[in-house]
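> pasting the structure only:
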């Protein structure tokens, strides 16, 4: 921030916008090669996301988790860390919040909802702290440890709801006996559910408001506080941050805790606002999509908000696209992957469109060193 | 000089444009056979670009190069070598773990019939070469065991082995002790006597006047003048380089030392590679004096500064600042509680964040103090106001306080660091290589700032590998050699000769 000018804004938007356009064009070529009609597909996609009130509702519902996991990856990038662990942190946030959500049945909603969300934030925060601590104390690279912790989180979450086996295997502690052989938790009690802004059939809940407020909070932390200055300095120049008297180790752990907290919040909001229970098949790719969102948003909280909205609209429109045009909604995953490739390697976009780097331009792709 | 007077090398109307920069602008240059031509200019004047064009590393945007009167088409250093052009880079291109002979034949290997390397033949050729030019080296020695001066000789032999007739020496004296510089000059004279032509790149005026036949001065990518040592003086050359009058000597009154501010006792530390780099260093610096630390690069000066400023851990010993033991305290304790400033040796690694604005760089280590921060919120207007004041006071040439620090010139980046470090109330100033790689004009400014800090009563520890800088500024001179302070000499007793001997590890009173 600080150095705000229209030219700068334009330049920072240029690569993401071209990446989106290129991904859509390449996606169209792939559909065309497969014998599908890309124009019909994109028309269906757009109508699915924005063509009706229910389309809008789905887009907005899918927006908040992407936004929060995007912010999670972005805040880590700001500190020079590559958080691939949003998926696991999301999972821990889910488990912590669902535990609070299925218990304390007589608590008033005004306490129960915030408590359950806070529990989810805490779960993600603790899970995020682990790779931070490991990096500082042992030098273990966060890319490796967060990937490992994703597996551990997913398996742990699966165990908590395990329905038990016919040969006397004990069921998990969060399993719902009423679900019989199905591995899932009991439903979250009414008082712990995030209220709807628009009730069924739209099911848009207040979690989106919380997510949007979080954008402003993160922007404030990153650009307007000494904590943000420390995070960014560590991310930009490790040695200079030591010179500047910053406690580098603590800053790395803090960045990972913040990243974990955001992904954990995403898990809590999904659980308490959409799913109302946990089963191992929940979660999906939202943690990994956070990487695309963060890069497409150039690690700026507001950019992340826009990028998440775009990805949410793709996800929301997929079903209608498949129904209208017969193109498999899997193509959405292909477009997401192309998008990730183009924003992670902006050199491709620069080459295609012959964009020269201006000498004063900040490198917007975060610096990620493997050396630690 | 050759009889027909065709220059061995002629550069005609060379222009090299990089995006947004013209590095060389219509440069013409001739080199006669058997001539030592000095190419003088500040950092960024375009010397290295020009040499890289001659050596085939860059393609010129416009212009032509003639070797022995014939137009040369160069696409890579290979073509340049084939035309008899050899280059000794400022940073040696040697493989440390290989022997001298292996290094010299690298890329021009001589192979026996059975496909194995013919080390014997190469060693013999090297011995012949070193005999002919009095370049003493042992072909079987490992390069990493050799002193820097000898490594440089290996580089020269490498060029001669490839039958170079034209030698380009890029800042060859930067890494040498005064005695090694003498040795290099003797070698250059001998090469000249054998008919070799040499382009000698330097920004050191004394050396240029001493060794060259002709001096060409570059400024802003253009040739701004040509002269001979007979017609030139240091002042004239400096003015040509900078484009204005420069005062080369530093005016300073005798020191009036007060209480001890920094005391270092038996300090020991390891280098980044884990070897002992400091072997028990002790000294004191008092208020109002400048202690200069001289020494050839890599004798523990870097580690000394890093340990005092807590960027590196001390293995043993003590660092006492204003009477308080601050050994291995946090860097923030050293700067803020110890009231010290540090101009780091490597400004890109430590002193600044290139992507940050000048304003942010000017509060890099004080962003947490009022008025720049209230609690955890950053007070941006205060940071910008602070930047505007310092930019004016320290004459930092920048389009504005919000320009990224990395886009300034080297001299202005250093002024930015100096502005931050000198503008705080301090008792101790640690300046490591404060003028490395910056223009003469900025050097003059920074030197005056250091002296005025001393006159305000600040204790100054100045570490520099430029002996001229040490001699010009110091009140006492400590010489480091192999991780120890081999001697501390009062300025009045110091001469280039006795300091030079100490830099080479020869103690006072010892025979060479």
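Happy to help now that I have it. Because the structure is predicted, anything quoted here is derived from the model rather than measured.

> and residue B:510, that one's in a strand?
No - counting by DSSP: H, G, I helix; E, B strand; the rest coil, residue B:510 falls outside a strand, being coil.

> what is the burial count for it?
Counted with other Cβ atoms under 10 Å in any protein chain shown, residues neighbouring residue B:510 total 9. In this view, the C-beta of every residue, glycine as well, is placed from N, C-alpha and C.

> any idea how far residue B:502 is from it?
Separation of residue B:510 from residue B:502 (Cβ to Cβ, to the nearest Å): 10 Å.

> buried sites along stretch B:314-332?
Along stretch B:314-332, these residues count as buried under the neighbour rule (16 or more other Cβ atoms under 10 Å in any protein chain shown): B:314, B:317, B:319-322, B:326-327, B:329, B:331-332.

> chain A: which of those residues is nearest?
Proximity of the buried residues of stretch B:314-332 to chain A (Cβ to the nearest Cβ) peaks at residue B:332, which lies at 3.0 Å.

> next to chain A, which bits of chain B? Give me the list.
Residues of chain B found near chain A (Cβ under 8 Å from any Cβ of the partner chain) are B:19-20, B:309, B:311, B:330-332, B:335-336, B:342, B:344, B:349-357, B:359-360, B:364-365, B:367-368, B:373, B:376-378, B:380, B:402-404, B:407.

> now with 7 Å, please.
B:19-20, B:311, B:330-332, B:335, B:344, B:349-353, B:355-357, B:364-365, B:367-368, B:373, B:376-378, B:380, B:402, B:404, B:407 (Cβ under 7 Å from any Cβ of the partner chain).

> make a ChimeraX selection of the buried ones in these.
If you want just the buried ones from those in ChimeraX, going by 16+ other Cβ under 10 Å, the selection is:
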select /B:311,331,332,335,344,350,351,352,353,355,356,357,364,365,367,368,373,378,402,404,407
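
> please flag which of the residues of chain B next to chain A sit within helices.
In helices, defined here by DSSP state H, the members of the residues of chain B next to chain A are B:331-332, B:380.

> which one of the residues in the stretch 101-250 of chain B is closest to chain A?
Closest approach between the stretch 101-250 of chain B and chain A, counting by Cβ to the nearest Cβ: residue B:221, at 16.6 Å.

> and that residue, what's its pLDDT?
As predicted, residue B:221 sits at a pLDDT of 87.

> quick one: residues contacting residue 24.
You didn't pick a chain, so chain A it is. residue A:335 (Cβ atoms under 7 Å, 6 or more residues apart in numbering or on different chains).

> that was the other one, I meant chain B.
Shown in contact with residue B:24 (Cβ under 7 Å, 6+ apart): B:14-16, B:46, B:49-50, B:221.

> tell me the SS of the closest residue to residue B:62 other than its chain neighbours?
Excluding its sequence neighbours, the residue lying closest to residue B:62 (Cβ to Cβ, 6 or more residues apart in numbering or on different chains) is residue B:15, at 4.2 Å. Per three-state DSSP, the secondary structure class of residue B:15 is strand.

> residues of the helix or strand containing residue A:222 that come out buried?
In this assignment (DSSP states H and E), residue A:222 forms part of helix A:207-224. Residues A:207-208, A:210-211, A:214-215, A:218-219, A:221-224 are the ones in helix A:207-224 that count as buried (16+ other Cβ under 10 Å).

> for the residue nearest to residue B:62, the count of nearby residues, please.
Residue crowding around residue B:15 was assessed by other Cβ under 10 Å; the count is 16.

> so what's it scoring on pLDDT?
So, for residue B:15, pLDDT stands at 92.

> mind giving me the domain ranges of chain B?
According to automatic domain parsing, chain B is divided into the following domains: B:9-242, B:260-339+B:425-503.

> of all those domains, which lies closest to residue A:141?
Smallest distance to residue A:141 across the domains of chain B (Cβ to Cβ): 19.7 Å, for domain B:260-339+B:425-503.

> do me a favour and get the end-to-end distance for that closest one?
Start to finish, the residues bounding domain B:260-339+B:425-503 are 26 Å apart (Cα to Cα, to the nearest Å).

> that one - what's its average pLDDT?
pLDDT averaged over domain B:260-339+B:425-503 gives 92.

> and it, how far out from the chain's middle?
Relative to its chain's centre, domain B:260-339+B:425-503 lies at 17 Å (Cα atoms, centre = their mean, to the nearest Å).

> re the thing from before, show me the contacts for the residue of the stretch 101-250 of chain B closest to chain A.
By Cβ under 7 Å, 6+ apart, the neighbours of residue B:221 are B:22-25, B:46.
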